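Q: Got a sequence here, can you model it:
(chains A, B and C)
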Amino acid sequence: MSTRLSSGGRLIDRARTVEYSFNGKRLRGFKGDTLASALLASDQMLVGRSFKYHRPRGIVASGAEEPNALVGLGTGARFEPNQRMTTTELFDGLSSASQNHWPSLEYDVGVLNNAVAKFLPAGFYYKTFIHPRAAWKHVFEPVIRQSAGLGRVPKERDADRYEYFYAHCDLLVVGGGIAGLQAALVAGAAGARVLVLEQTAHWGGRAPVDGVEIDGKPAEAWIKASVQALEKMSNVMLRRRTMASGVYDHGYVLADEKVADHTPGDGRPRHRLWRIRAGRIVTATGAIERPLAFAGNDIPGVMLASAVRDYVVNWAVSPGDRTVVVTNNDDAYRTALALKAAGLQVPAVVDARDRADGALPQAARAAGIRVLTGSAIAKAHGGKRLSGVAICAQGGEGNAVTEEIPCEAVAMSGGWSPVVHLYSHCGGKLSWDEAHAMFRPDAARPPTGADGTGFVFAAGAANGALYVQDVLGDATKATIAALQAAGVAEVETVVPAVKAEVEAPMIPIWVMPQGAGPDLRMKMWLDYQNDVKVSDVQLAAREGYESVEHTKRYTTLGMATDQGKLSNINGLAVLSNALNAPIPEVGTTTFRPPYTPVTIGALAGEARGEIFQPLRRTAIHDWHEAHGVEWEPVGHWRRPYCYKNGAEIASAAVNREVLAVRERVGLLDASTLGKILVKGPDAGRFLDMLYTNMMSNLKPGKCRYGLMCSENGFLMDDGVVARIDEETWLCHTTSGGADRIHGWMEDWLQCEWWDWKVYTANLTEQYTQIAVVGPKARAVLEKLGGIEVSGEEFKFMEWREGTLGGLPARIFRISFSGELSYEIATPAGHGRALWDALLKAGEEFGITPYGTEALHVMRAEKGFIMIGDESDGTVIPQDLNLNWAISKKKEDFLGKRGQERSYLADPGRWKLVGLETLDGTVLPDGAYAVADGFNANGQRNTQGRITSTYWSPTLRKGIAMALVHRGPERMGEVLEFPKPDGSSVKAKICDPVFYDKDGEKQNV
Amino acid sequence: MSEPVSISASAPAAAQASAPAPVSALNGASFEGMVKIREAGACGMITLRGNFASEAFVSAVKSASGLDLPGIRQVVRADGMTLGWMSPDELMLMLPYAEVPGVLARLNAALAGEHALAVDVSDARAVFVLTGTRAREVLAKLSPADLAPGHFAEGELRRTRLAQVPAAFWMTGEAEVTLFCFRSVAGYVMGLLTTAAAPGGEVGAW
Amino acid sequence: MLILECPYCGVKAEESELAAGGEAHLKRFGAGSTDEDFEGYLFARKNPKGVHFERWRHAYGCGKWFLAARCTATLEVFGTYPAQTAEPPADLVAKIKQKRPEWEGYK
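A: Model (predicted):
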């Protein structure tokens, strides 16, 4: 069983116990424990089940590379699935639960998959669930979905807050081991702005565990001194618990700081996503140990040699009384020695190499440890925990077992792989290193930045400097190169001497034993989480998968939440052997961000709840909210759709509002309309290019409706233009179009007609604009007093400015409803006051605030088009019978040439008409009018479609506007519009102006 | 009686002087967390566009504001007037709200015959003041600009984005930042600032 | 995410502060132009793997449009310049030619 040793543990504080729970069991650990170390100390060897076969899984690693030890962490609003125990710091009250089993971790029904594993090879799902086609949707998928997946999705709204932090630096150092600290010391002393990120809570990385000496002192002392020196430098910033997840173009790096994961509910943001702009990046991300592929290497108790060492040295955890070390290199002997030093038994070091006589093996022998060279583990025994291993010769097939060794743990080492992820994310290339059987960053082919030169520099073990004696020198070299690339010429460096045992070369071992047959290969795990075995990769190769990218997706190797940190190189080597091609020729799969999973809350940052996206409010927003408003989103604006009186339903409110305006007077918050001031000697000429009609000949004091088209000729915006003075026009745009049209104007002024003397200013938000509409509109304004509004003095399509009820006002006499109508602009600071004054003045006339839907109904009754309803980016003004608004005198305007193209000039286009249903009902929005016959796809031919459709309370019937093939030539014809329920509606083509054709009401 | 048609580009501002006090977007709302945040109420703002190389433009600005043109991305202040560089042909003149009509009239008179644009935008914006040594940190949670000491200092006006909306800000002291955004998103910006400045959010970066 | 220096205000703006505007130096063909010219203006766009001239707007900054010469494959930025020009500045073209001798040149 695994236990806590009675002494030692450099990271734990035995004076401070921490209470936590696992699967409902209350347990105790120490401050400084990870959840993994604490559980191991409590003999919790079984921590989860694998994805496909539901095999028992134990802790394999001690850090971010852990594939098995995933838990659901926390409860309720702080529950998060798939958290790695090895990177979870223990805190009081931590609650965790294992995943992917039913009904319990110990007794999992899904393990039946394991019994039939022989029949679930790579590609099983693809091959099996193809026929019959319908079965996938109705039978296979629901069943597979039920049994698949790891953790549960959180059900409650996240209780925590998250935030971004934008940071800028000359040099970003990723990794706070001795290589990273050395890089920071060098760059800090050179005066560069340095940011150092360490993903764990501790500086120094592996060096203190490995018994390294730096500058004649234990590594720990050098680390402490270095951190203190760096903390004193004002140009250096140090962050722990911050994982650099990805490197992107032009030195952009994302890093996830776990601010309060270990102190939940303390008021701090849970995570902070650092959005870093780095001039250059040094990746001192270390290396990850590789497992060895022997039969039964997934049984709980089989761990990485480095992890065993970490648990013993850092957390004083014994993985078991007897640990067999199996290796192809010298480094793993450090684990044997550490176990021995802790008073534990190491029955044997099983070394696949024929000779092991370096300093470390000799030290092991001297410590009384048996070293079996040229040997392999033929098979590990056990179920939910390891019981022993069978030893054989590495050279054979594994049938001739030389010895059975009972043990509780195996510490395995297949060599080390540099963490090249960040170097690779943005295009850095790798080269194959034969000596260490690893891919290492190729400094000649780095990722390149904005200036075309390399911007990521790998340092230390991440650069393939696996022997600790070489690490500080390598880090110094990388840092100098990075600084020089950033333009820092003078760099003074001190490289402290590092002392450690010299290691003899490793030999690559991809399968153990070398000649293992199919039965053994079926039990050799490559990817623990996704259950990919040596036999699966070999099968893929036999079936013709040659590309590593295809093999990965076919077998799902490396596609689990650990993204193949342990399995990648081993799987690749197995594939290359099966293909009989050298490893560098087969290549690696692409490394993509994030390095480890980033919680979605961190990616969202502050954008949630009220500030998920900007909400634009007019000055009258609060009044609307207090008066039964139903909102309609228009861009980021919220506009009143209608105002409901008590229990009134929306459609009733709309009908009431329409009739109130038609019969008395209504009030509309039109503040969202775009208002762009255009001024200059060339402003008239400019607007003549922008609008399809003439604006230069508009007289000051007058208004004119205008259309804007794209260069394609298609209608893009419309609105009323008022001429303010000789050089100044005010252009109204649609609510959604203000920013776009202002940008459109500036684009032409800056990039095409830059010699024209025109200035624009977007005044949309300067004014509250209120429309007072209806037969009593004039009476309301007269009551407020100020600007003269009599029909003789102030005619339709004119504007005036002055005061209204004592408030500054500019009034436009324009109408979008066909009624007598005034739109009043006042500076937004007076907007609410004006609204209140109008409501009060209008009280005796029955003034009724109305929303966008009433506005739409009334404009449709008048046959006025709406951008986005009658236009959709493929409609030209001519389609809408707006030829009257297209100048024939002007030589050119934007869109003119486009509209001259043959298919836009074709008389057979769909054109705007009105529609009246024969039965008076409302046509469905967007419905198509069918024509005779079928098209090539067997669909009914069509001859038109509805663009707007409403119930007209004024006319008491359904009215609609539609684009119909040669529509205006076909007045009186009846069209048929099928509905989704199979029935259809008949409607007669008519004039789109349903109401007050002669405009008598708006011209009073 | 009928009012004559005004032909000034200065909008209905002419009558503003006698109008009741305007209401700013958030009516002076405030918050206290890592820093103190206060919506500054109604502030006067005039957008000025013109040719910075023109002597007539420069002297018109000087005569109306008492200030010389700021350099690129700079902001200059004196006697209650603040003049910020917005773009190669645009300035923002900030002044007490009530003074806008008078200054605008002076500007327009001085700019007669010059191709330029001066327009009141006081009501189109909301102004916030952040007070406290962590003001930089609060903004650095929302803006991609480099706000580290030594990289952003008093005298510079930065136009950038705050989360999803445009904004501009400048330091009005080592522990004070003035910021403006469009009026319609004042509530959103207040939400951003209060979230970023919530107690416990100290980054400790600078 | 790119960083481009706005040639007007000098801000080294990141992509989130900018708006992309497609190919630079298009010559406008308006009313009366031939079908071929108009088609080229409206639809034909270069799509090189390599040196490309593009329009960008400093949308969250000074609001100005500027032009950038950039490698679409490596994202190397050769330079940015004001939009008020019908073709790239000669010194920028020379600089690119020096860095990319195989480049066929502008147009």
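Q: could you measure the closest residue to chain B within chain A against residue A:931, distance?
A: Per C-beta to the nearest C-beta, residue A:829 is where chain A lies closest to chain B, at 2.6 Å. From N, CA and C alone the C-beta is placed, and that goes for glycine too. Distance, residue A:829 to residue A:931, using C-beta to C-beta, to the nearest Å: 56 Å.
Q: try residue A:166
A: Taken as C-beta to C-beta, the span from residue A:166 to residue A:931 is 58 Å.
Q: out of those two, which sits in the busier spot?
A: Counted by other C-beta atoms under 10 Å in any protein chain shown, residue A:166 and residue A:931 do not tie: residue A:166 has more neighbours, with 20 against 15.
Q: Please name the residues that touch that one.
A: A:275-277, B:140-141, B:143-147 (C-beta atoms under 8 Å, 6 or more residues apart in numbering or on different chains).
Q: any idea which helix or strand carries the most centrally placed residue in chain C?
A: Residue closest to the mean C-alpha point of chain C, counted by C-alpha atoms, centre = their mean, is residue C:54 at 2.2 Å. Taking DSSP states H and E as the criterion, residue C:54 maps to strand C:51-57.
Q: So what are the sheet partners of that strand and their directions?
A: Note on strand C:51-57: by DSSP bridges, its sheet partners are strand C:19-23 (antiparallel), strand C:65-71 (antiparallel).
Q: what is the mean pLDDT for it?
A: Averaging pLDDT along strand C:51-57 gives 97.
Q: can I have it written out in PDB, keeping just the CAs?
A: Below are the C-alpha coordinates for strand C:51-57, written out as PDB (Å, rounded to 0.1, in the frame of the first residue of the first chain):
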ATOM      1  CA  VAL C  51       4.000  39.600 -50.200                       C
ATOM      2  CA  HIS C  52       0.600  41.300 -50.100                       C
ATOM      3  CA  PHE C  53      -0.600  44.900 -49.700                       C
ATOM      4  CA  GLU C  54      -3.600  45.400 -47.500                       C
ATOM      5  CA  ARG C  55      -5.900  48.000 -46.100                       C
ATOM      6  CA  TRP C  56      -6.300  48.300 -42.400                       C
ATOM      7  CA  ARG C  57      -8.200  50.800 -40.300                       C
END
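Q: returning to what we had before: may I see the contacts of residue A:166 organised as TSV, with distance to chain C and pLDDT added?
A: Shown next, in TSV, are those (distance: C-beta to the nearest C-beta, whole Å; pLDDT from 0 to 100):
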residue	distance to chain C	pLDDT
A:275	9	98
A:276	11	98
A:277	7	98
B:140	14	98
B:141	14	98
B:143	9	98
B:144	5	98
B:145	8	98
B:146	8	98
B:147	13	97
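Q: Out of those residues, which sit inside strands?
A: A:275-277 (DSSP state E).
Q: out of those, who's near chain B?
A: Among those, the ones lying near chain B by C-beta under 8 Å from any C-beta of the partner chain are A:275, A:277.
Q: Go through the ones in strands among the contacts of residue A:166 and name the one nearest residue A:957.
A: residue A:275 (57.1 Å; C-beta to C-beta).
Q: Now do the closest one: how many residues are near it, please.
A: Taking other C-beta under 10 Å as the criterion, the count of residues near residue A:275 is 20.
Q: before we move on, what about residue A:752?
A: Per other C-beta under 10 Å, the neighbour tally for residue A:752 reads 16.
Q: what's it in contact with, if anything?
A: Counting by C-beta under 8 Å, 6+ apart, residue A:752 touches residue C:28.
Q: do residue A:367 as well
A: By C-beta under 8 Å, 6+ apart, the contact set of residue A:367 is A:336-337, A:340.
Q: Which of these sits closest to residue A:952?
A: residue A:336 (89.1 Å).
Q: What helix or strand is the closest one located in?
A: Under the criterion of DSSP H and E, residue A:336 resides in helix A:333-341.
Q: What is that helix packed up against?
A: helix A:305-315, strand A:323-327, helix A:359-366, strand A:409-413 (3 or more C-beta pairs under 8 Å, 6 or more residues apart in numbering or on different chains; DSSP states H and E).
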